[in-house]
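Next come a sequence and a model predicted from it.
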Amino acid sequence: MRDAEKTIGNLIDKQGVAFIASISEDGFPCIKAMLPPRGRVGIREFYFTTNTASLRVAQYRKNPKASIYFCDRRFYRGVMLTGQMEVLEDAESREMVWRPGDTLYYPGGVTDPDYCVLRFVAQSGRYYAKFKTETFEIE
């Protein structure tokens, strides 16, 4: 892959679903479909919104190891990124990714106590396309 950030960034930006993985108390992977990230910095940092009281948030607080996965079903290609997930509840993070329609999920608005931001920081990845896989590190 010539330009991982561009190739993978384009794939990610065209997907309507992201899959996030956490680790259960029993040490098993737990995967959940999510809305696409609200923001990203290259292919290293990703920002998602979720409910503070969710199972996933509790799991990330106990064990921040995480993966995210994006799949382009049309061309049968995908990318898995592994790294750490952080739960952010500060005002700056909440406001950064807030959208007006979010009151559907968080009726209290940007300060709703059940609204938080998940910040994923990737360390490495694995890209699949054209019957080949490629592992890469993220700086």
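In hand now; what should we look at?

Dig out what the closest residue to N63 other than its chain neighbours forms beta bridges with.
Once flanking residues are discounted, N63 sits nearest to I23: 4.7 Å by CB to CB, 6 or more residues apart in numbering. Where C-beta positions appear, they are placed from N, C-alpha and C, glycine not excepted. Per DSSP bridges, the residues bridged to I23 are P29.

Please tell me I have it right and I23 contacts R61.
No. At 11.5 Å, I23 and R61 do not qualify as touching, with contact defined as CB atoms under 8 Å.

more neighbours, the two?
I23 (17 against 12; other CB atoms under 10 Å).

list the contacts for that one?
Residues near I23 by CB atoms under 8 Å, 6 or more residues apart in numbering: 29-30, 59, 63, 65-66.

Buried members of those residues into ChimeraX, please.
Buried subset of the contacts of I23, written as a ChimeraX selection, criterion 16 or more other CB atoms under 10 Å:
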select :59,66
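
Which one of the contacts of I23 is nearest to G125?
Using CB to CB, A66 comes nearest to G125 of the contacts of I23, at 12.8 Å.

dump the residue contacts of the closest one.
Taking CB under 8 Å, 6+ apart, we find A66 in contact with 20-23, 60, 82-85, 120.

at 7 Å instead, please
Going by CB atoms under 7 Å, 6 or more residues apart in numbering, A66 touches 20-22, 60, 83-85, 120.

quick one, strands of this structure?
Under the criterion DSSP state E, strands of the chain are mapped to 18-23, 29-34, 39-41, 45-51, 65-72, 77-88, 115-129, 132-137.

Give me the distance between the two termini of stretch 42-61.
Start-to-end span of stretch 42-61 (CA to CA, to the nearest Å) is 25 Å.

Redo the contacts of I23 as TSV? Include distance to Y127.
As requested, these are exported to TSV (distance: CB to CB, whole Å):
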residue	distance to Y127
P29	20
C30	23
Q59	26
N63	25
K65	20
A66	18
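
how far away is G9 from D112?
According to CB to CB, to the nearest Å, G9 stands 31 Å off from D112.

ah, wrong one, I meant Y106
According to CB to CB, Y106 and D112 sit 4 Å apart.
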